[in-house]
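Participant: got a predicted structure here, sequence first:
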Amino acid sequence: MHRPTKRLTRIFVCAAAVPVILVASGCTSGSDSGDGAGKGSSKATASASDAAAKVKAAAYDSLPQPCAAISKKTLDSLVPEAKSGKAGSSDDESVRGTCSWSSLDNKGVKGSQFRWLNASLMRFDSDAARGSGNKLAHAYFTKQVTDAQSVDGAKSPKSEPVSGTGDEATAVTYELKKKEGTFRQQTIVARVENAVVTIDYNGAGLAGEKTPGADELVKDAEKAAKEAVAAVVAANGAGGSDTAGSASAKPSDKTSAKPSEKSSAKTSSKPSATSSDEPSDKASSKS
């Protein structure tokens, strides 16, 4: 009578032990899975941090006022009859800004000389996803050069590097025939670290006055570009004109890409028609 009872007791004890083992095994398995997920998340975070750390910090974090980027002495020479510069609208002047000047030296029956100057400044911050500020600025520099090379109706366009102006600089020159006369256009695009300066300068002899010489105009445009580059450097506390010719006081991570010599995009840059002393149909390229 007592033997069956003992057997049943043994069966119940063994049966009760099975769920305990299963539960313990299940908890152990879940704990291992959780540890693996945590390690994966940590690795992903570390990888993102490493990627951000590899992007070079932008050298410059501000820009000068565009209308003050070129000296009064140079403005008196390039646009002698101009009044104060006209600043373009900007949602953030530490990132972008423009200023333009127009000059019409009216000599009555002897004709007149027209000049138009525009300075455009653009700055790029480093970004972990898009790359360093220098890399982004170089891409914009290349686009600006390509746009200047792609103006409709441009006659005898030429492009050449400009020395002593930032980390890289290119001059694009051409002529445009308009009803008022022949306009000579000079566009100088220069990059210094993570900032890009674009100078547009055009001139024309109107009402019978002779067309200004191309060599003189391009030299004037280059002078304005050098001053604007120096102003960008000075605005960031890295010195003034002493660093303008050698780009900047900080090393640059230049890329090997070169501006395209082919026309791939049309420029949207044209001189402002807001000044009352400007011809109604002139051509230039503006950033």
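Facilitator: Ah, there it is.
Participant: what's around the nearest residue to residue 235 once chain neighbours are set aside, how many residues?
Facilitator: Leaving aside its chain neighbours, residue 235 sits nearest to residue 64 (4.1 Å; criterion: C-beta to C-beta, 6 or more residues apart in numbering). C-beta: built from backbone N, CA, C; applies to glycine. By other C-beta atoms under 10 Å, 21 other residues sit near residue 64.
Participant: residues contacting residue 64?
Facilitator: 121, 231-232, 234-235 (C-beta atoms under 8 Å, 6 or more residues apart in numbering).
Participant: residue 81: how many residues sit nearby?
Facilitator: Neighbours around residue 81, by other C-beta under 10 Å: 16.
Participant: got it, and residue 87?
Facilitator: 15.
Participant: could you give the bridge partners of it?
Facilitator: residue 99 (DSSP bridges).
Participant: hmm, it is touching residue 99, no?
Facilitator: Yes: the pair residue 87 / residue 99 is scored as a contact, 5.0 Å apart, by C-beta atoms under 8 Å.
Participant: ok so, going back, quick check, nearest of the contacts of residue 64 to residue 150?
Facilitator: For these, the minimum distance to residue 150 (C-beta to C-beta) is 21.9 Å, reached by residue 121.
Participant: quick one: which two of the contacts of residue 64 are the most distant?
Facilitator: So, the contacts of residue 64 by C-beta to C-beta: farthest apart are 121 and 234, at 12.8 Å.
Participant: who has more neighbours, those two?
Facilitator: The residue with more neighbours, out of residue 121 and residue 234, is residue 121; 26 against 17, by other C-beta under 10 Å.
Participant: contacting residues for the more buried one?
Facilitator: 63-64, 66, 69, 96-98, 195-197, 228, 232.
Participant: now do 7 Å
Facilitator: 63, 66, 69, 96-97, 195, 197, 228, 232 (C-beta atoms under 7 Å, 6 or more residues apart in numbering).
Participant: what is the nearest of those residues to residue 211?
Facilitator: So of the contacts of residue 121, ranked by how close each gets to residue 211 (C-beta to C-beta), first place is residue 228, at 25.7 Å.
Participant: residue 190 contacts residue 172, doesn't it?
Facilitator: No: applying C-beta atoms under 7 Å as the test, residue 190 and residue 172 come out as separate, 12.0 Å apart.
Participant: ranges for the strands of the stretch 151-287 of the chain?
Facilitator: For the stretch 151-287 of the chain, the strands defined by DSSP state E, counting those that start in this stretch occupy 155-161, 168-178, 181-192, 195-206.
Participant: what comes up buried for the third one?
Facilitator: Buried residues in strand 181-192, defined by neighbour count with 16 or more other C-beta atoms under 10 Å: 181-192.
Participant: ok, which stretches of the stretch 1-150 of the chain are helices?
Facilitator: All helices of the stretch 1-150 of the chain, identified by DSSP state H, counting those that start in this stretch, fall at 2-54, 72-78, 133-148.
Participant: which of the ones you listed has the lowest average pLDDT?
Facilitator: Lowest mean pLDDT of the helices of the stretch 1-150 of the chain: helix 2-54, a mean of 49.
Participant: so what's the residue nearest to residue 140 when sequence neighbours are not counted bridging to?
Facilitator: Residue nearest to residue 140 in three dimensions, not counting chain neighbours: residue 196, with 5.2 Å by C-beta to C-beta, 6+ apart. In this structure, residue 196 bridges to residue 122, residue 191 when assessed by DSSP bridges.
Participant: verify the stated contact: residue 196 with residue 120.
Facilitator: No: counting by C-beta under 7 Å, residue 196 does not reach residue 120; the two are 8.1 Å apart.
Participant: which one of these two has more residues nearby?
Facilitator: Using other C-beta under 10 Å as the criterion, residue 196 and residue 120 rank with residue 196 on top: 30 against 23.
Participant: what sits against that one?
Facilitator: Per C-beta under 7 Å, 6+ apart, neighbours of residue 196: 122, 137, 140-141, 144, 189.
Participant: run the last query once more with 10 Å
Facilitator: 96, 120-124, 136-144, 166, 168-169, 189-190, 229, 232, 287 (C-beta atoms under 10 Å, 6 or more residues apart in numbering).
Participant: retrieve the pLDDT associated with it.
Facilitator: 98.
Participant: so how far is residue 190 from it?
Facilitator: Separation of residue 196 from residue 190 (C-beta to C-beta, to the nearest Å) stands at 7 Å.
Participant: could you do residue 119 as well?
Facilitator: Taking C-beta to C-beta, one finds residue 119 at 11 Å from residue 190.
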